[in-house]
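A.B. asks: Requesting a structural model of the entry that follows:
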Amino acid sequence: MRTLADLAAQQGLELQSYLNAAPHKKAGHPAPVSSKGARSLLYDGEQVDAYLTGRPVPPIRSEDDDQDHDDDDLLDRREAAAVLGVAPRSWTTYKHHPLLTEHMVTVGGVEHWPRGIVHRYRDSRPGRTAATGRPTGSGDQVPRDELLPRTAPLLDADPTITATDVVEQLGISRNTAQNALTRLRADRIADLIGKRPELSPDDAAAALGYPPALARRAAARAATVLRARHAAPYLDDVAAAAHRAGWTTTETVPDVQLPGDDRVVAALVLDGDQAPVPALVWDERYGWRTATSRRHPITRDAVPSSEGGGVRYLAGGITPPPPTLIAALSA
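C.D. replies: Okay, the predicted model is just below:
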């Protein structure tokens, strides 16, 4: 393939002179082989050579007849996206798959992929279906502990990526994809606000390139993430005090959770022999309470509706000093 600069050099002209004369726009000149809407125009070398020497210009194989296509034909991002049946902007996400990065070639400054490789990628995507990217009733194809690490590069490549794009790429459910994107976007919004406190969550989301429709839930969660980070030193101090009291075998960091994305709850398991209760739970709205289970200290609703059955709230406000909390439990 040849660029306009190549065509100019072939005819002994500077590029600007060639563009001013525009011989490539004259009747009979071979049309560019770039996909419609491509920024950089590319021309088939065989066609150009034939035209310039007065020979019949050989035809380009029709894009409508897949049987006429050669696996070595190079596709630009628009053509590759069409093979997958996705929007061209979504190709920014898909192209980072190892199979595609390995076979990517640059022609005239434009990225291309062999048709056969794009077809192989299309046909091997995990759990793909026309509607959801996953077979009906199938489980997620990505282990839970790998979900965020696998989704993060996709968000890095395209801040406007949707849950549907992630479903297609990773073979997971839509809810799983949406939750992963929300968590990642929220953390990055919070990170940016940490560096630029003058920003609101919505402003930070916009600065990161997250469309409002995709970032609304993440912006709300980011505010919760920031409160959790603010509370972390206090919760660590409580954990250290509990360890000094002999209630934990190690100075364990409390397990912080964000139920519903809108509140901060933390659990501290007391696994020492002298521990007065199995666990403690802190809620940013109600302060500390006891819990009866080490395995599941935070209930489904996060906050029990009433005391009883081994559960009681501890006085002293939302953030009582660690010594005060230890004394209340020791009494």
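A.B. asks: Quick one: the strands in the chain, in order.
C.D. replies: 74-75, 105-107, 110-114, 255-257, 265-269, 279-283, 287-291 (DSSP state E).
A.B. asks: Report how many residues lie close to A186.
C.D. replies: For A186, the number of neighbouring residues by other CB atoms under 10 Å comes to 25. Where you see a C-beta, it was placed from the backbone N, CA and C, and this is true even at glycine.
A.B. asks: now do H296
C.D. replies: Neighbour tally, H296, other CB under 10 Å: 11.
A.B. asks: Let me see the contact set for D202.
C.D. replies: In this structure, D202 makes contact with 212, 215, 219, judged by CB atoms under 8 Å, 6 or more residues apart in numbering.
A.B. asks: Could you check the pLDDT of it?
C.D. replies: As predicted, D202 sits at a pLDDT of 93.
A.B. asks: Any stretches of the protein with poor pLDDT?
C.D. replies: 1, 37-39, 60-70, 125-141, 300-309 (pLDDT under 70).
A.B. asks: And for it, the residue most distant from the center?
C.D. replies: Largest separation from the mean C-alpha position in the chain: G54, at 52.7 Å (CA atoms, centre = their mean).
A.B. asks: Quick check: the gap between that one and G316.
C.D. replies: 94 Å (CB to CB, to the nearest Å).
A.B. asks: I'd like a version of the strands of the chain in JSON lines, one that adds distance to G12 and mean neighbour count as further columns.
C.D. replies: Formatted as JSON lines, the strands of the chain follow (distance: least, CB to CB, whole Å; neighbours: other CB atoms under 10 Å):
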{"stretch": "strand 74-75", "distance to G12": "28", "mean neighbour count": "22"}
{"stretch": "strand 105-107", "distance to G12": "23", "mean neighbour count": "11"}
{"stretch": "strand 110-114", "distance to G12": "24", "mean neighbour count": "20"}
{"stretch": "strand 255-257", "distance to G12": "69", "mean neighbour count": "15"}
{"stretch": "strand 265-269", "distance to G12": "74", "mean neighbour count": "22"}
{"stretch": "strand 279-283", "distance to G12": "78", "mean neighbour count": "23"}
{"stretch": "strand 287-291", "distance to G12": "82", "mean neighbour count": "20"}
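A.B. asks: would you list those strands in CSV and tack on distance to T93?
C.D. replies: Below are the strands of the chain laid out as CSV (distance: least, CB to CB, whole Å):
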stretch, distance to T93
strand 74-75, 16
strand 105-107, 19
strand 110-114, 14
strand 255-257, 29
strand 265-269, 34
strand 279-283, 38
strand 287-291, 42
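A.B. asks: Nearest to A163, out of those?
C.D. replies: Shortest distance between A163 and the strands of the chain, using CB to CB, is found for strand 255-257: 22.2 Å.
A.B. asks: Direction included, what does that closest one pair up with?
C.D. replies: Applying DSSP bridges, strand 255-257 is found paired with strand 265-269 (antiparallel).
A.B. asks: Contacts for the partner strand next, please.
C.D. replies: By CB under 8 Å, 6+ apart, strand 265-269 touches 231, 235, 238-239, 242, 248, 252, 254-259, 278-284, 291, 294, 297-298, 302-303.
A.B. asks: on that earlier part again, show me the one of the strands of the chain that comes nearest N20.
C.D. replies: The stretch from the strands of the chain with the least distance to N20 (CB to CB) is strand 110-114; that distance is 23.4 Å.
A.B. asks: Can you tell me the strand partners of the closest one and which way each runs?
C.D. replies: Here strand 110-114 is paired, per DSSP bridges, with strand 74-75 (antiparallel), strand 105-107 (antiparallel).
A.B. asks: Just the CA trace of that strand, in CSV.
C.D. replies: Provided in CSV are the C-alpha atoms of strand 110-114 (Å, rounded to 0.1, in the frame of the first residue of the first chain):
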residue,chain,number,x,y,z
VAL,A,110,-1.9,3.3,10.0
GLU,A,111,-2.4,0.2,12.0
HIS,A,112,-3.6,-2.9,10.1
TRP,A,113,-4.4,-6.5,11.0
PRO,A,114,-4.5,-9.6,8.6
